[in-house]
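Student: could you work out the structure for the sequence below:
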Amino acid sequence: MQATDHADDGIETGQVRHAIDRASALLHGRRIAVLTGAGISTDSGIPAYRGAGARTRANPMTIQTYLADEAARRRYWLGAHLGWRTFTTPDPNEGHIALARLERAGIVTGVVTQNVDGLHLRAGSSRVVEIHGTMHRVLCLRCGQVFDRRAVADRLETLNPWVTTPERIELNPDGDVTPESSEGFVIPSCTVCGGMLKPEVVFFGEFVPAARFRAAESVMHASDALLVAGTSLAVNSGIRVIERARRRGIPLVIVNHEPTRADAWADVVIPGGTSPVLGAIAQQLISR
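Tutor: Numbering: from 1, shown residues only. A predicted model of the protein is given here:
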C-alpha cells in the first residue's frame, strides 16, 4: 500500500478532491469500520493534543500519579469539574453527523473512537466503542460501582460550595482546566463503599480494558474496510486497531490534517479537515 495525494489543506484543492473521489470509489460497496480521534472534535470546539492549533500540556495525569498522590488527585478533580460541563456541551459537527448517516444507511458497521466526549453518540451513531472511556461516567476503583457524572458533580459542589466556575474557560485537551489552587478541596468518595472515585477514562499509563478492545475488534471483524479520521495515531490503542486491519489486508483510508504513523500503510490519505471530507465521502457513498 502506498499513501499519496497529500495536499496543503481544504476540500477545495484539486488534489484533496481527487483523493476524496478515490477513497469513495475504494469504499463503495464495502462495510466500513471507522476509527476516530481528537481531530474529529476540534470543529466542535474541543482542543486536540497534536496537530495544527493543538494545545499541549507538560504533565498530563498518569494513572500512577492519580493513585499515589492525593494532592494531584485534588488538582485533577477540581480542574476536571471546572471544565467538564463546557467539555460535554458542544454539539456534534458535520464529521460526526456524516458517520451517523453512513451507519443509518447500512454502510458503516461501527465507530471505534479514542475520544471521551460522547459526540458520536449524540450525533446518532449507535454502535460506538469508546476505547478510552467516557467523561460522562465515574467509577469506584474499590467496588466497581458506576455513577453518572452529573450526580458526582452535584455531590462535589455540596462538599465544596466555594468552588465557582470561571466565566471564561480555556479547556485542556483532557476537558479540564488548570486550577490556581486546590487547597481545601474535598474529593467525593464512593457512596457504596467509600472507595476512591475516578472518571471512567483511560489515563496515560493505563491499559485499555480487555473487554473494550474486544468490542473494537468485533467492529473490525464485521467490516471489510477501515476509515480513520482525525487521529495522528500516536497512541498505541489506535495502532492496534490499524494492525487488525493490516492483518486482514482490508483497504485503509486516512483523513487527517497532519501526517500519521500509518500513512505508509494506507491506500488513500486525505490531508484535510474531517468535517468537510467526511461529509463529502458520505454524500458520495449514500448517493451511489
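Student: can you show me the helices along the chain?
Tutor: Applying DSSP state H to the chain gives helices spanning 14-27, 63-68, 70-87, 94-104, 119-123, 149-159, 210-221, 236-248, 274-287.
Student: can you say which of those is packed in most?
Tutor: helix 94-104 (a mean of 24; mean count of other C-beta atoms under 10 Å). Backbone N, C-alpha and C define where each C-beta goes, glycine included.
Student: show residues contacting that one.
Tutor: Identification of contacts with helix 94-104 by C-beta atoms under 8 Å, 6 or more residues apart in numbering yields 32, 34, 36, 40-41, 43-44, 92, 108-111, 119-120, 122-127, 229-230, 274-279, 281-282, 285-286.
Student: and the least confident helix or strand in the chain by mean pLDDT, what does it pack against?
Tutor: Least confident helix or strand of the chain, by mean pLDDT, DSSP states H and E, is helix 70-87 with a mean of 88. When contacts are defined as 3 or more C-beta pairs under 8 Å, 6 or more residues apart in numbering; DSSP states H and E, helix 70-87 packs onto helix 63-68, helix 149-159.
Student: how near is the residue most central in space within the chain to Thr158?
Tutor: Per C-alpha atoms, centre = their mean, the C-alpha nearest to the average position across the chain is that of Asn115, at 1.4 Å. Separation of Asn115 from Thr158 (C-beta to C-beta, to the nearest Å): 30 Å.
Student: which one, of the helices of the chain, ends up nearest to Arg261?
Tutor: Nearest of the helices of the chain to Arg261, taken as C-beta to C-beta: helix 236-248 at 6.4 Å.
Student: remind me which residues of the stretch 101-250 of the chain are low pLDDT?
Tutor: Flagging of the stretch 101-250 of the chain using pLDDT under 70 yields the residue ranges 165-181.
Student: so which of the helices and strands packed on helix 70-87 is nearest Ala25?
Tutor: helix 149-159 (42.6 Å).
Student: orientation of that closest one relative to helix 70-87 in degrees?
Tutor: Counting by axes from the mean of the first three to the mean of the last three C-alpha atoms, to 10 degrees, helix 149-159 lies at 120 degrees to helix 70-87.
Student: could you shift the numbering so residue one becomes 43, and keep it that way?
Tutor: Okay, residue one is now 43; in that scheme the one you just asked about reads as helix 191-201.
Student: possible to save the helices and strands packed on helix 112-129 as CSV with distance to Glu248?
Tutor: Shown next, in CSV, are the helices and strands packed on helix 112-129 (distance: least, C-beta to C-beta, whole Å):
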stretch, distance to Glu248
helix 105-110, 4
helix 191-201, 18
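Student: need the helices of the chain in CSV with distance to Leu239, can you?
Tutor: Below are the helices of the chain laid out as CSV (distance: least, C-beta to C-beta, whole Å):
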stretch, distance to Leu239
helix 56-69, 42
helix 105-110, 11
helix 112-129, 8
helix 136-146, 29
helix 161-165, 23
helix 191-201, 7
helix 252-263, 19
helix 278-290, 23
helix 316-329, 33
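Student: so which of those is nearest Val297?
Tutor: Of all these, helix 316-329 sits nearest to Val297, with 4.9 Å by C-beta to C-beta.
Student: contact partners of the closest one?
Tutor: 52-53, 58-59, 62-63, 65-66, 69-70, 78, 81-82, 85, 135-137, 139-141, 143-144, 147, 149, 269, 271-272, 297-298, 312.
Student: take that helix, keep the C-alpha atoms, and write them as CSV.
Tutor: Coordinates of each C-alpha in helix 316-329 appear next as CSV, following Å, rounded to 0.1, in the frame of the first residue of the first chain:
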residue,chain,number,x,y,z
THR,A,316,-12.7,15.8,8.9
SER,A,317,-15.9,17.8,8.7
PRO,A,318,-15.9,18.6,5.0
VAL,A,319,-14.1,15.5,3.9
LEU,A,320,-16.4,13.0,5.8
GLY,A,321,-19.4,15.0,4.6
ALA,A,322,-18.2,14.7,1.0
ILE,A,323,-17.5,10.9,1.4
ALA,A,324,-20.9,10.3,2.9
GLN,A,325,-22.6,12.1,0.2
GLN,A,326,-20.8,10.1,-2.5
LEU,A,327,-21.3,6.7,-0.8
ILE,A,328,-25.0,7.3,0.0
SER,A,329,-25.9,8.7,-3.4
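Student: that one vs helix 136-146, what angle?
Tutor: Going by the same axes, to 10 degrees, helix 316-329 makes 20 degrees with helix 136-146.
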